[in-house]
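Peer 1: Here you go, sequence then predicted model.
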Amino acid sequence: MYLKLNLGLSLAVLAFVAGCQSKGTEKSNADVDQRTVFFDRSGMDTTVNPGDNFFLYANGTWLKKTEIPKTETGWGSFYTLYNQNIKNLQSILEAAGKEDQKQGSAGQKVADLYTSGMDTVTIEKLGIKPLKPLFDKIDQIKDYKQMIAFLADGYQNGEGDLFDFYVGPDDKLSNKNAANFSQSGISLPEKSYYFNNDAQTKKIRTEFLKYATKLFTLTGVDAANASKYADNVLKLETAIANSHSTPVELRDPQKNYNKFYVADLQKQTPNIDWKDVLKRLKIKTDTLLVGQPKYYQSLNTLFATQPIEIWKQKLKFDAANNASTALGKAFRDARFEFYGRTLSGQQAPTERWKTIVNSTDRNLGELLGQLYVEQYFKPEAKERMLSLVNNLQKVYHSRMEKLDWMSPETKEKAEAKLAAFIKKIGYPDKWKKYDDVEISKGTYYANLQSSDRHAYKEMIDKLGKPVDKTEWVMTPPTVNAYYNPSFNEIVFPAGILQFPFFDFNADDAINYGAIGAVIGHEMTHGFDDQGRQYDKDGNLKEWWTAADATKFTAKAKKVTELYNGFTLMDDQHVNGSLTLGENLADIGGLNIAYEAFKLTQQGKGNTKIDGLSPDQRFFLSFAQVWRIKTRDETMRVRLKTDPHSPEMFRVNGPVYSMEAFYKAFNIQPTAKMFVAPANRVGVW
Ligand SMILES: [Zn+2]
């Protein structure tokens, strides 16, 4: 239950949004249509020298006066728009619930899923009953062989956390779908949480033990055993985590591409009967892609060496943990105390209706998405966006032509890749079907199970079929964007094509500084340290001359070093290696957007709006897009796991590498962040 069927590791998204759970205090859509002011001057802090810290100059007053709502992990641009969207989705769902819906229609399914999730009276009455069948099966397991069978059987119902399996393009044969296995099996954000011994991490482990103890207690285990089981789970997960690759290691596509004949994998992991596992998972193939083989080698050992009773405790913990948001209040509160309060710093749980709107988006995304775009997306926005994308693509091409460090040979291939970008804007041309998902007003848990089974079937049916490049990974209302290297595509869901990213009535400086930089960002992902390793057809394949690759790496290293030097919360460092791809995309994206802006009438002129020159508005609009205040706890997790830099550096990193920025704000060499022209970074 609630298992996020993995859609691939290599997707480059625009921003961290996992924690976006927002509060309903923002302007309605009607207000947004009438917007006449596109940059919030009152949020600036003009006592800050723009050369000392541009992010604070642009956003300082807003940061000082903004209080993060108790139910939130942060607040600002993305959160605000997310909040507006989720309210729109809620109104769609509530309206659909009041209408007489035909059984099996889109309206019936989304409305009833929402209704069942909101029916906390029934959920409370059911208690732990939904978990019972699963717990009974776990109780019957006698040895690790039976356990592996249980895991494989359960995976298609969204249960079981030890095998992480998905069907997606073979990285080296991008038109062919392959069975991909990757590391899994831990409940903390990543490996280091099990091993670091600083006070903060130790506190997180202590709180995790409390959480696990509470879950065991809620499922009927007595107090003494509950705490013992929790201890066992943490110890077992620590052993599992030991074999995990780090977030930085996971960024290397070559190292995470390991193709095995099933027979060869069998030899390396003799305790896992792969033939049987694949049969149960309904996978018909001779070859598998294993992202992190050492994870499965370690599992192979742990299966046989750890007592089965301890494994069964882990299975029960996983089951309760995964189902916790679909169960009664005591489960939800326990989950909030750990994942919400301790890990994210939230002070109050997310409102139930937001959780359930989210769940509807996650489970029936392209049904709800159809209703959303009918009401909230204008076809003109798609046209305008497409012309912006085309403008930026032309500029990117001409910048590539002019690169002094790249050979004509590599350039030709890079330009062909740029020209081959698939562009997706707004929503899919063809919608996914959910015919076999059975949704009733009855029980939320059963609805989710049906949805999970459908998602698994939809995924497994792709195996053996060519890759469908019309497919979308994000739903239409999502406030985000992505580059998918296997498809060589840039994708902008309807959700992000709104203020502060995009507005029909805004001047070009505002739109190019915002959505323009976002478009440039996604395009640059095709040529960041990961994306550049994929060719124009989405195949992981070396297409650079060795000399050009060496030059790229040297330039990228300077970017890594620059961001390694950024600190926040006094002693917390940005990880320049973890964030390299995103930083390259931020820097490249802003440069390309700026050059495209200079081709517009406003960009060529010098007419001030609201006292700001066109260039000043461009850079300030960019800074406003990243106007986000984040809770310290969430930021600490992000610094370890999120490939995106904190917002302050997503602004400051790129602007201080651009001569136009220095000119626009007349920044002198005495300014704190002044970088001598020879030392400025950038690749594209
Ligand atoms: Zn990105």
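Peer 2: Yep, it's here. Numbering: from 1, shown residues only.
Peer 1: Same question for stretch 537-545: list its buried residues.
Peer 2: 538, 539, 540, 543, 544 (16 or more other CB atoms under 10 Å). The C-beta positions use only the backbone N, C-alpha and C, and glycine is treated the same way.
Peer 1: For it, what is the distance to the chain centroid?
Peer 2: Chain-centre distance of stretch 537-545: 25 Å, with CA atoms, centre = their mean, to the nearest Å.
Peer 1: got the contact list for it?
Peer 2: Stretch 537-545 is touched from outside by 169, 171-175, 253-254, 257, 407, 409-410, 413, 420, 484-488, 532-535, 549, 552, with contacts defined as CB atoms under 8 Å, 6 or more residues apart in numbering.
Peer 1: quick one: terminal-to-terminal distance for that stretch?
Peer 2: 18 Å (CA to CA, to the nearest Å).
Peer 1: ok, residues contacting stretch 412-421?
Peer 2: 393, 396-397, 400-401, 406, 488-490, 523, 526-527, 535-537, 543-544.
Peer 1: and it, average pLDDT?
Peer 2: Regarding stretch 412-421, the rounded mean pLDDT is 98.
Peer 1: Mark which of the contacts of stretch 412-421 are part of strands, please.
Peer 2: Of those, the ones assigned to strands by DSSP state E are 489, 490.
Peer 1: Show me how to select, in ChimeraX, the buried members of the contacts of stretch 412-421.
Peer 2: Only the buried entries of those go into this ChimeraX selection, using 16+ other CB under 10 Å:
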select :393,396,400,406,488,489,490,523,526,527,535,536,543,544
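Peer 1: and the contacts of stretch 537-545, which are buried?
Peer 2: Buried among the contacts of stretch 537-545 by 16+ other CB under 10 Å: 169, 171-174, 253, 257, 410, 484-488, 532-535, 552.
Peer 1: Which of the residues you listed fall in helices?
Peer 2: Residues of those located in helices (DSSP state H): 410, 552.
Peer 1: Which element, helix or strand, includes residue 561?
Peer 2: Taking DSSP states H and E as the criterion, residue 561 maps to helix 546-564.
Peer 1: And that helix, what's buried?
Peer 2: Buried positions in helix 546-564, judged by neighbour count with 16+ other CB under 10 Å: 548, 551, 552, 556, 558, 559, 560, 562, 563.
Peer 1: Report the distance from it to the chain centre.
Peer 2: For helix 546-564, the separation from the chain centroid amounts to 25 Å (computed by CA atoms, centre = their mean).
Peer 1: Then stretch 316-323?
Peer 2: On the basis of CA atoms, centre = their mean, stretch 316-323 sits 23 Å off its chain's mean C-alpha point.
Peer 1: and what of stretch 60-74?
Peer 2: Distance, centroid of stretch 60-74 to centroid of chain: 22 Å (CA atoms, centre = their mean).
Peer 1: and that stretch, which residues are buried?
Peer 2: With burial defined by 16+ other CB under 10 Å, the residues of stretch 60-74 counted as buried are 60, 61, 62, 63, 66, 68, 69, 71, 72, 73, 74.
Peer 1: mind checking how far residue 48 is from the ion?
Peer 2: Residue 48 is 27 Å from the ion, where distance means CB to the ion, to the nearest Å.
Peer 1: which secondary structure element contains that residue?
Peer 2: Counting by DSSP H and E, residue 48 is part of no helix or strand.
Peer 1: Who are the contact partners of it?
Peer 2: 56, 57, 60.
Peer 1: of those, closest to residue 297?
Peer 2: residue 56 (48.5 Å; CB to CB).
Peer 1: sec struct for the closest one, please.
Peer 2: Look at residue 56: counting by DSSP: H, G, I helix; E, B strand; the rest coil, its state is helix.
Peer 1: per-residue confidence at the nearest residue to it once chain neighbours are set aside?
Peer 2: Distances taken as CB to CB, 6 or more residues apart in numbering put residue 48 closest to residue 56, at 4.7 Å, once the chain neighbours are dropped. Per-residue pLDDT puts residue 48 at 98.
Peer 1: cool, residue 29 as well?
Peer 2: Residue 29 is assigned 40 on the pLDDT scale.
Peer 1: So which helix or strand of the protein has the lowest pLDDT on average?
Peer 2: Across the helices and strands of the chain, the lowest-confidence element by mean pLDDT, DSSP states H and E is helix 29-33, at a mean of 44.
Peer 1: rewinding a little: strands - which of the buried residues of stretch 60-74 land there?
Peer 2: Among the buried residues of stretch 60-74, the members falling in strands (DSSP E) are residue 74.
Peer 1: so which pair among the buried residues of stretch 60-74 is furthest apart in space?
Peer 2: The widest separation within those (CB to CB) is 25.2 Å, between 60 and 71.
Peer 1: quick one on the thing from earlier: which strands and helices lie in contact with the helix holding residue 561?
Peer 2: Where contact means 3 or more CB pairs under 8 Å, 6 or more residues apart in numbering; DSSP states H and E, helix 546-564 is packed against helix 580-597, helix 647-655.
Peer 1: Show residues contacting that helix.
Peer 2: If you take CB under 8 Å, 6+ apart as the criterion, helix 546-564 is touched by 405-407, 409-410, 529, 532, 542, 544, 573-577, 579-580, 583-584, 587, 645, 649, 653, 681-683.
Peer 1: What distance do you get for the residue in the stretch 1-150 of the chain that the ion sits nearest to to residue 614?
Peer 2: Closest contact between the stretch 1-150 of the chain and the ion, by CB to the ion, is at residue 12 (4.6 Å). Going from residue 12 to residue 614 by CB to CB, to the nearest Å gives 30 Å.
Peer 1: related to what we said a few turns ago, now the buried residues of helix 546-564 as CSV including pLDDT and distance to the ion?
Peer 2: Formatted as CSV, those follow (pLDDT from 0 to 100; distance: CB to the ion, whole Å):
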residue, pLDDT, distance to the ion
548, 98, 23
551, 98, 23
552, 98, 18
556, 98, 15
558, 97, 19
559, 98, 14
560, 98, 16
562, 97, 17
563, 97, 14
